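Student: pasting the sequence and the predicted model now:
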Number of protein chains: 2
Amino acid sequence: MSALRFEILARSAATGARRGRVTTPHGAFDTPAFMPVGTKAAVKGILPDQVARTGAQVLLNNTFHLMLRPGADLIQRLGGVHGFMGWPAPILTDSGGFQVFSLSDTNRIDDEGVTFRSPVDGSTIRLTPERSIQVQNQLGPDIIMAFDDCPPGPAVAAPDDERHPFRAVPRPEAGREYLARLDQANERTVRWLERCKRAHARDDQALFGIVQGGTDLDRRRWSAERVCAVDLPGYAIGGVAVGESPDAIDTVVRATAPMLPDAKPRYLMGVGYERDILGAVLAGVDMFDCVLPTRNGRNAFAFTPTGPIRLRNQAHAEDPGAIDPGCDCQACGGGFSRAYLRHLFQAEEMLGPILVSLHNLRHFQRLMAEVRAAIDGDGWAGLAGRWPIVAPVLARAV
Amino acid sequence: MSALRFEILARSAATGARRGRVTTPHGAFDTPAFMPVGTKAAVKGILPDQVARTGAQVLLNNTFHLMLRPGADLIQRLGGVHGFMGWPAPILTDSGGFQVFSLSDTNRIDDEGVTFRSPVDGSTIRLTPERSIQVQNQLGPDIIMAFDDCPPGPAVAAPDDERHPFRAVPRPEAGREYLARLDQANERTVRWLERCKRAHARDDQALFGIVQGGTDLDRRRWSAERVCAVDLPGYAIGGVAVGESPDAIDTVVRATAPMLPDAKPRYLMGVGYERDILGAVLAGVDMFDCVLPTRNGRNAFAFTPTGPIRLRNQAHAEDPGAIDPGCDCQACGGGFSRAYLRHLFQAEEMLGPILVSLHNLRHFQRLMAEVRAAIDGDGWAGLAGRWPIVAPVLARAV
C-alpha cells in the first residue's frame, strides 16, 4: 500500500535504540533522523544545498502555513514542495493539527474539525481531517501526518475553554478537567485518523498516525492501541513538548515508544533538546523534528557538545575561537570566531543568524550521526565522553 | 613605495575603456571591477564563499562603521578585516569621510576634521585625516582611502549650515553658496590628503586620493590637478551620486576620469546602476562599489539585463521561471522560481533577501566580466545586444 520502506539495520543490545533506513520516492534517510524545520517551504535563512551540507537527509514543511500562503494549489502547480523549494530529498509535512490548536487565538473546535481565523488575512478557515489530507496530497511530500486533536499540557490547560487551549493557566496538577480533555482528544484523534485514511488519495505518500494521551500513561496506551490498530506505514507520538516538564516528556516517551509497532518508523513530534532526543532514541524512537537549531540560532544561541553558549555575551567579545572547535560546519570550519559572530549580532547583520543556524543544524546532524554509530556495538560510553550534554541521559539509561 | 601594482592589459580603440589587473598583498583583481559592499565586515546575508562564487575578487569595508563597532583595536587583534570576516582576497576600506558627512545628523566640520555623535552609543567622536588613516592601518585592508570633505550635491545643498550638509533643501540650480562650499571642500580635501599621506604608516597598504569638485567641471579640474600632484598608487572620483541627476553624474565622470593619471587605477566611489558603470568604464574608470545589489535585493528588487523586476508584484505570483534565465547564480541556476521568491518575500522569509542579493551580486559580476571581454576588440555591439539595459549608453558613446 505504501511507497515507504523501513529497514532496521542494527539494534542496541543494552537499550531500545535501533538504527535503520527509511526509503521514500525521493530517496532514503538514515534513522534515528533529525529533520530541520522549513515551516513555510524554507529553512529560515539557509539555502537547500547548505541544509544538505549539514547532513540533513529529510526535512519538515508545515501544512498550516503553506495552505494559508501561498496556497496548496499554487505549490501543486509548481511541482509540489520538492520543486517549489528546491529540496529534491524526502520531505514530511505535519497536518496543521498542532498549529490550529496552538497558534490561533480564535479557533473553535468541534467533532468534525476546527474553524479559525487566518493569521495572514483574517479570513475564516475550516480545517478538517479530509481537508488536511487533501492539502497534503496537493503539497506532495513523501510522508504526511494525520490531522489530530492535540491538547495542551497539564500545566497550562484551560479545558473549560476550548477556544484557547494553550492559554497559560497555571495548574498544580493534572485534574479531572485535564483528563476529560485528554479523553475527548483521544477519541477525536482516532475518529479523525479513520477519516484521514479514507481521504488519503496518493499511494506515493505515506500517512503516519499520531498517538495522543497527554501525560497520562493509561490514556497513552489507549491511544496507541487504537491508533496502531489502523494499518499505516508509521506512527508518531504527538502532544509532547506542549508545556510539560522535561521529566514528563521523558516519562511519556519511554512509556509510549514501545507501544508502537517495532517494524515501523516511530516519530516523536517537535522534540527537542539533545537530552530529549537521546532519551527517546534509547526508547526506540526513529525520527525527530524541531525548530530549535534555527530559532535559537537566530537569537545567538549556539549549541555545543558541552552545552549552549550565548554569543551576545560580553565574554565572547574578543574570543578568536570557533563556537565549537570540534565542529566542521560552515561557521566553525570557515574560521569565523566567536568575536566575529558576536559582532554580527551586535551590528544586527543577517549573517549572524545565518552562521549560527548553520552551526546548530550541523550540531544536531553530528549528534545523530554519532548516535547512529553508537547503536552498532552500544558505544554509549564513548558518546557520553564526546557529548557531555547527553551524558546524564546515557548514564541513567544504559 | 606601494605594494599595489596595476597593469593595463588591453585598451578599447573606440573609447577610453581599459582592461587591467590590480595586484595586492592579498591577491589580484581584474578591472574594470565591481566591489560588493561589506559595510560592517559582512556582505549583508551572504557568506564570503558565496560572495566569491558570484565572481567578486575584491570588496569594500566601511571605516566609519567598523571604528564605532566593534572597533579597530579588536579587528586588528583578530587578524585585520581579512581574518575577521573570513575574506582572504583584496579589501578596500573607505575613509569614513562620506559617512560622517551623510549619516550623522549631529556632525560639526572644521578645518582640522569632523566631530560627530556616534549613532551606536551617542558618544562624541572626533575623526581627522590622521585618525582615519590610523584606523585604516589597524583594519589592515589592501587599499585605503584618503579622508576627504565630501559636500552634498547641488539639489540638496544647505551650504549655510555645515552641520547638516545633506539636509534636503531643494535648490533649482547650483548657486553661489554651492560653489563656495565646493571651494571649501576642495581646499580641505587637498590639505587633508597631505596629512593622510604623512600619517600613513604601512607600506603594504595603498593609499588612494579622492578628487572632489561637485558638478562644477572647473572645480573638478582644480581638484584633480592638486590631488594627483600628490604621488599615490591610485585616485578616486568622490562626491558623485550624492543627490544629483544621472546626467550630471555622467557629465562629471566623463570629464574627470581623463584628468586622472592613465597609468594608475581610477575608482568611481559609490556608483551605481549599470548605465552609470558603463558610462564610467567608457571614460576610463577601473573600479566601482555600490550597495545596490544587496540593498535592493533585500527589498525584492532584482536586476536583469533587460531591466529590473520587483518580485513582490502579483505578476510573478505563479511564474515558474527564474529571475533571469540567462543567469547562473545560486538563485537562477538553483531552480528557484519567481513565484517561490515572491512567496519568500510575502512570508518575510530571510531566504528571499538572500537569494535576490546573490542574484544581484552575480548580475553585476556578469556585467563586469562581459565589459572586460568587450574591451578586447571593442565588442560593444554584442554587449549592447545581450544587455539592453546598457544599450543606450553604448549607442551614445561608441
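Tutor: Arrived safely. Numbers count the residues shown, from 1 in each chain, chains lettered A, B, ... in the order given.
Student: so who does A:Gln99 touch?
Tutor: Going by CB atoms under 8 Å, 6 or more residues apart in numbering or on different chains, A:Gln99 touches A:Asn62, A:Phe64, A:His65. To be clear about C-beta, it is placed using only N, CA and C from the backbone, and glycine gets the same treatment.
Student: for stretch A:110-124, measure first residue to last.
Tutor: 15 Å (CA to CA, to the nearest Å).
Student: and the residue of the stretch 151-300 of chain A found nearest chain B, how far is that from B:Met350?
Tutor: Nearest residue of the stretch 151-300 of chain A to chain B: A:Arg298, at 8.4 Å (CB to the nearest CB). Distance, A:Arg298 to B:Met350, by CB to CB, to the nearest Å: 8 Å.
Student: what is in contact with these two at once?
Tutor: A:Lys44, A:Gly45, A:Pro353.
Student: closest to A:Phe288 out of those residues?
Tutor: A:Lys44 (18.1 Å; CB to CB).
Student: can you list phi and psi of the residue nearest the centre of chain A for me?
Tutor: Chain A has A:Asp289 as the residue nearest its centroid, 2.5 Å off, counting by CA atoms, centre = their mean. Torsion angles at A:Asp289 (phi, psi; degrees, to the nearest 10) stand at phi -150, psi 150.
Student: what do you get for A:Asn62?
Tutor: Torsion angles at A:Asn62 (phi, psi; degrees, to the nearest 10) stand at phi -120, psi 110.
Student: what's the closest non-adjacent residue to the residue nearest to the centre of chain A?
Tutor: For A:Asp289, ignoring the flanking residues on the chain, the nearest one in space by CB to CB, 6 or more residues apart in numbering or on different chains is A:Met35 at 4.1 Å.
Student: is it true that that neighbour lies in a strand?
Tutor: Yes: assessed by DSSP: H, G, I helix; E, B strand; the rest coil, A:Met35 belongs to a strand.
Student: does it touch A:Val58 like I think?
Tutor: Yes: in terms of CB atoms under 8 Å, A:Met35 counts as a neighbour of A:Val58; the distance is 5.1 Å.
Student: OK, now which residue of the stretch 101-250 of chain A is nearest to chain B?
Tutor: Closest point on the stretch 101-250 of chain A to chain B, by CB to the nearest CB, is A:Val120, at 8.9 Å.
Student: OK, contacts around the residue nearest to that residue when sequence neighbours are not counted?
Tutor: The shortest distance from A:Val120 to any non-neighbouring residue, by CB to CB, 6+ apart, is to A:Leu68 (4.7 Å). For A:Leu68, the contact set (CB under 8 Å, 6+ apart) comprises A:Ser118, A:Pro119, A:Val120, A:Asp121, A:Ile125.
Student: lowest average confidence, helix or strand, in chain A?
Tutor: Least confident helix or strand of chain A, by mean pLDDT, DSSP states H and E, is helix A:97-102 with a mean of 83.
Student: measure the residue with the largest distance to the centre of chain A to chain B for me?
Tutor: Distance from the C-alpha centroid of chain A peaks at A:Glu318, with 35.8 Å (CA atoms, centre = their mean). Distance from A:Glu318 to chain B, counting by CB to the nearest CB, to the nearest Å: 6 Å.
Student: so that residue sits in a helix?
Tutor: No: counting by three-state DSSP, A:Glu318 falls outside a helix, being coil.
Student: any idea of the pLDDT on the closest residue to it other than its chain neighbours?
Tutor: Distances taken as CB to CB, 6+ apart place A:Ala339 nearest to A:Glu318, at 5.5 Å, with adjacent residues excluded. We have a pLDDT of 98 for A:Ala339.
Student: where do the strands sit along the stretch 51-200 of chain A?
Tutor: A:59-62, A:91-94, A:108-109, A:114-117, A:124-127, A:143-145 (DSSP state E, counting those that start in this stretch).
Student: list the neighbouring strands of the third one plus their orientation.
Tutor: Right, strand A:108-109. Strand pairing for strand A:108-109, using DSSP bridges, gives strand A:114-117 (antiparallel).
Student: low-scoring stretches of chain A, by residue?
Tutor: A:1-2, A:103-105, A:155-174 (pLDDT under 70).
Student: one step back: the residue nearest to A:Glu318 is in contact with A:Pro320, isn't it?
Tutor: Yes: with contact defined as CB under 8 Å, A:Ala339 counts as touching A:Pro320 (6.3 Å).
Student: common neighbours of the two, please.
Tutor: B:Leu78.
Student: comparing those two, which residue is more hemmed in?
Tutor: A direct count of neighbours by other CB atoms under 10 Å in any protein chain shown for A:Ala339 and A:Pro320 places A:Ala339 higher, at 20 against 14.
Student: make sure I have this right: that one is in a helix.
Tutor: Yes: per three-state DSSP, A:Ala339 lies within a helix segment.
Student: give me the domain ranges for chain A.
Tutor: For chain A, automatic domain parsing gives the domain ranges A:5-290, A:292-398.
Student: out of the ones you listed, the one nearest B:Arg312 is which?
Tutor: domain A:5-290 (12.7 Å).
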